[in-house]
Structures are given as C-alpha cells and as structure tokens.
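Chemist: Build me a model:
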Amino acid sequence: MKSLRRMELLIISLLMIVLTLITVILFYIQGKERTPIDHRSPEIISESYETKQYAYSEESGDQVKEPANPYFPNDLAVPLTSDQGRIKDQISFAIHSIRKTSILIHTNEGEKTFSTPPQNNSMILEAFGSINLSTAKADIPEPSDDEIIYIRFHAEDVVYSVAYDLNSNTYLLGGRRYYAAYNTIVYLNLFCRPSTILATLGEMRMADMETEDPSEYVINQSVHYKTSELKVQNQNFAEWDDQIKGDPKYIQQTHFYSILDDKIKTILVDEKNGVLFTGLSVFFTKGEVETADGISIGSSTYDVVSRLGEPSKMTKSRWSYQVDEKHYLHLYIKEKKVQYMSLSFL
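Modeler: Coordinates of the predicted model:
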C-alpha cells in the first residue's frame, strides 16, 4: 500500500515537471514567432509626427488637414520654422541627413517614380536648400493638377515630400508657392519632358557639373585667344544680351530663382532658331550659328582644335575657351562633335 502511494506521488511529480517544461517551451516558441516592434516603422512614427505629416490650408476659416503626399501618406511635409530666409536655415532637419532623392510624377496615365542618380542628389538638395523664401515667393494662380510632381527627400527614418509644378517651376511650401532654382527646372525637364527645349539645358547642366569637380577637368592657362574668334554670329555675350532683351521673338518660357544674385530671372526662348537666354548664358542648340572661324554645331573636335586651338578648360563633355576674366565660350561635346554652344558670364 505504501509502495503504491509512493508510485502515485512519483507519477504526479513527473507530470508536474513535464507540464512545467511544456509551458516554458510554448512561451519560448511564442516569443520567437512574435514580430519584433520596429520603432522606425510608419505605424509607430505616424502618431508622434501626426502634426508634421500634413500641410495645413485655410478654407472658410477652418484648418483642413491634407496629406503632404497623397500617394505616399506616411511622407511628412517639410517643416518650416519661418517663411523668411533660406530653406536650409528654416527646416528642422539637416540637409546632409538626406540619403537620397526620388521623384514621383502623376499624370492622367498614372504614376511613375524614379530615384535621382547619387551624383545628382547633392545638386537637387543644394538647389532646394538655397532658396531664399523672402525673395522667391511666386504670386501666381494655383497651377492645374494635370501633371503633379512630388520631390521626396529620404532621411534615415522618414521621407519628406514637396509638391512641385513643372509648368511654373514652383514648390508648394506651407500653403505658398516659391520659385525653384535653375538646376531644378532643367534637371526635371530632362527627366520628365526629355523632348522639350528646356531639357537640352538639363543636358548641358549635367556636363557643367563635371567642371565643378577639379579632378574631372584639365586646365590650360598658357593659351591666349583673340576675342573676335570667340564671338558667335559676330556678337559677344553683352551684344547678344542687348539683342535678346529687345527682340519680341524671344518668348518668356519660365521664371526661376537665381541663387547667385538672389533674384527672380526669366528663361527666354527662340525655339525656331534654338536659342535660349537665362540672364547669365546664351545657349545655341541648332546649327545655324557659328564662330568667326566657322565652328558650329556638328563641327568635329579636330576642326575645333585646328581653328580655335586647345581649350583653356576641358572635360569629356565640355570644352571652354576663356574670352576674358568673366566670359567664356563653351562647346558641349558628344561623340567627338560639337552638340551645343554657349556664351556665358562667369
């Protein structure tokens, strides 16, 4: 009898040990299968950043909450502390914290997105951050929404969205329109409207960027040129400037904010003859113009060197001839031929 009692107690003890082990194992498995909380996920940050995720507009005296980017509802509006001064001084995040930039385009045919190449990311950021909100205000009617663009700035844990209108070259920030810089409009035309004449400015701007990296170009300071040889159609930059400003065939294409002199400037275009004027440069995109020595669009690099000599600055895509301390003749090269030409101030 006693031995039977001992056996029952032993069995009960063993069962309790087994149940305890099973309970421990189940808790362990459940803990392993549970999805860990990501404190950077949109679901977590959306609550604490709720007031920043929306742009506020006044309608009938009431604040109406609108998403900064309806196609990416978790994107945040760029938080400005003031509508005066440069954007980079009025935002709560550092420009250098942005890891990449992407573009969303909405048309009647749908949406498409693309990421800007890494080498162009800094150009887009600098163009945005350098806008002077005091100067760049655009008093224009609200653009149509037939082609909406959102510039998206990707930081470590969050994405900021800015609505941009390509037709007027304006950002929408804090319920107001501001003109964007030259780099922004030519770059976005190059990618969004590659067949337009403004897209050719984007091509040339990409070539210009090579010369901003000293490792990318060769400088030849020993060569001196006759200024008469570096005119286009027998006119220097100042003479072209005077002619264009008084010629009705040059149509106002768009405005842009000039970072260099803190002014709003206008791109004027003679599309028939392929001439564009930005205030600091005259660009020639068709072959009807030439230098005094007959260099024109389509001329070979061999002819250029034979007639003008070696350039004072040279990259793979742009050859520059210094006219004087402030002016240059630039030849844009593609496949060993002149693709475009420009006379530029600085």
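
Chemist: What are the boundaries of the strands in the stretch 1-150 of the chain?
Modeler: For the stretch 1-150 of the chain, the strands defined by DSSP state E, counting those that start in this stretch cover 54-59, 62-67, 76-77, 100-107, 110-115, 148-154.

Chemist: List the buried residues in the fourth one.
Modeler: So the one you mean is strand 100-107. K100, T101, S102, I103, L104, I105, H106 (16 or more other Cβ atoms under 10 Å). Every C-beta, even on glycine, is put in place using the N, C-alpha and C of the backbone.

Chemist: Reformat these into a markdown table and put pLDDT and distance to L190 next to each item.
Modeler: Supplementary listing: the buried residues of strand 100-107 in a markdown table, determined by pLDDT from 0 to 100; distance: Cβ to Cβ, whole Å:
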| residue | pLDDT | distance to L190 |
| --- | --- | --- |
| K100 | 93 | 18 |
| T101 | 94 | 14 |
| S102 | 94 | 16 |
| I103 | 94 | 11 |
| L104 | 94 | 17 |
| I105 | 92 | 13 |
| H106 | 85 | 19 |
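
Chemist: Reformat these as CSV; add distance to N69.
Modeler: Compiled in CSV, the buried residues of strand 100-107 are given as follows (distance: Cβ to Cβ, whole Å):
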residue, distance to N69
K100, 16
T101, 14
S102, 11
I103, 12
L104, 7
I105, 12
H106, 10
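
Chemist: with those in mind, which one is nearest to H327?
Modeler: Nearest to H327 out of these is T101 (Cβ to Cβ; 33.1 Å).

Chemist: For V162, which residues count as its bridge partners?
Modeler: Judged by DSSP bridges, the bridge partners of V162 are I151.

Chemist: Point to the residue nearest the middle of the protein.
Modeler: In the chain, the centroid-proximal residue (Cα atoms, centre = their mean) is I124; its distance is 3.1 Å.

Chemist: Apart from its chain neighbours, what residue comes closest to it?
Modeler: Nearest non-adjacent residue to I124, counting by Cβ to Cβ, 6 or more residues apart in numbering: T101, 4.9 Å away.

Chemist: for the one you found, what are its contacts?
Modeler: The contact partners of T101, taken as Cβ atoms under 8 Å, 6 or more residues apart in numbering, are S115, T116, N121, I124, L125, I151, R152, F153, H154.

Chemist: Could you do L201 as well?
Modeler: Applying Cβ under 8 Å, 6+ apart to L201 gives the contacts V186, N189, L190, I267, L276, T278, F283.

Chemist: between these, which is nearest A163?
Modeler: Using Cβ to Cβ, these come closest to A163 at N189, 17.3 Å.

Chemist: gap between the closest one and E109?
Modeler: 18 Å (Cβ to Cβ, to the nearest Å).

Chemist: go on, I244?
Modeler: Distance, I244 to E109, by Cβ to Cβ: 37 Å.

Chemist: Which one of those two is surrounded by more residues?
Modeler: I244 (18 against 7; other Cβ atoms under 10 Å).

Chemist: Nearest residue to the more buried one in space, ignoring adjacent ones along the chain?
Modeler: F277 (4.7 Å).

Chemist: again with S296
Modeler: Nearest to S296 is E290, by Cβ to Cβ, 6+ apart, at 3.8 Å.

Chemist: neighbour-wise, which of the contacts of T101 leads?
Modeler: In these, the most neighbours by other Cβ under 10 Å go to F153, 25 neighbours.

Chemist: and that residue, what is it in contact with?
Modeler: Per Cβ under 8 Å, 6+ apart, neighbours of F153: V78, I98, T101, L125, F128, V159, Y160, S161, V162.

Chemist: Turn the contacts of L201 into CSV, including secondary structure.
Modeler: Shown next, in CSV, are these (DSSP: H, G, I helix; E, B strand; the rest coil):
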residue, secondary structure
V186, helix
N189, helix
L190, helix
I267, strand
L276, strand
T278, coil
F283, strand
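
Chemist: thought I264 was touching Y179?
Modeler: Yes. Look at I264 against Y179 with Cβ atoms under 8 Å: they come within range, at 5.9 Å.
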